[in-house]
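Colleague: requesting a structural model of the entry that follows:
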Amino acid sequence: MKQGGTQTELILAHFKTGASLTHLEALDLFASNRLAARVCELKAAGYNIQKEMIEVPSGKRVARYWLPLGRLDFFGQTKAPVNEMSTGTLEFARADTPVRRDASISQVG
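Modeller: Residues are numbered from 1 along each chain as shown. Predicted structure coming up:
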């Protein structure tokens, strides 16, 4: 088990390396028996933790969590990537919204 912080802090540091975690990995690495609760805390703090269901060798499906690596702000929060649209403007892309390439800019005033 790693030392030097709360389980939530240790899990966040693990995610910031680009690694992912399942419940059993969190139990082994951080003695955290409630990974989903720690992920909920991180999401409430603004981190964009992602989840996918994977099948393990026993045939069971378990959740695997990770933090998408992108730009980090001063506080280590991930920021949405900036996409350049075909019109030459810049727009922040939300992870849950596709970027429209055909969007036009309306003239102001």
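Colleague: any idea what residue 52 is bridged to?
Modeller: Beta bridges link residue 52 to residue 64, judged by DSSP bridges.
Colleague: could you list every helix and strand in contact with the strand or helix carrying residue 9?
Modeller: Element membership for residue 9, per DSSP states H and E: helix 7-16. If contacts are counted by 3 or more C-beta pairs under 8 Å, 6 or more residues apart in numbering; DSSP states H and E, helix 7-16 sits against strand 21-22, helix 23-30, helix 35-44. Every C-beta, even on glycine, is put in place using the N, C-alpha and C of the backbone.
Colleague: what angle do that helix and helix 23-30 make?
Modeller: 110 degrees (axes from the mean of the first three to the mean of the last three C-alpha atoms, to 10 degrees).
Colleague: so for helix 7-16, mean pLDDT?
Modeller: Averaged across helix 7-16, the pLDDT comes to 93.
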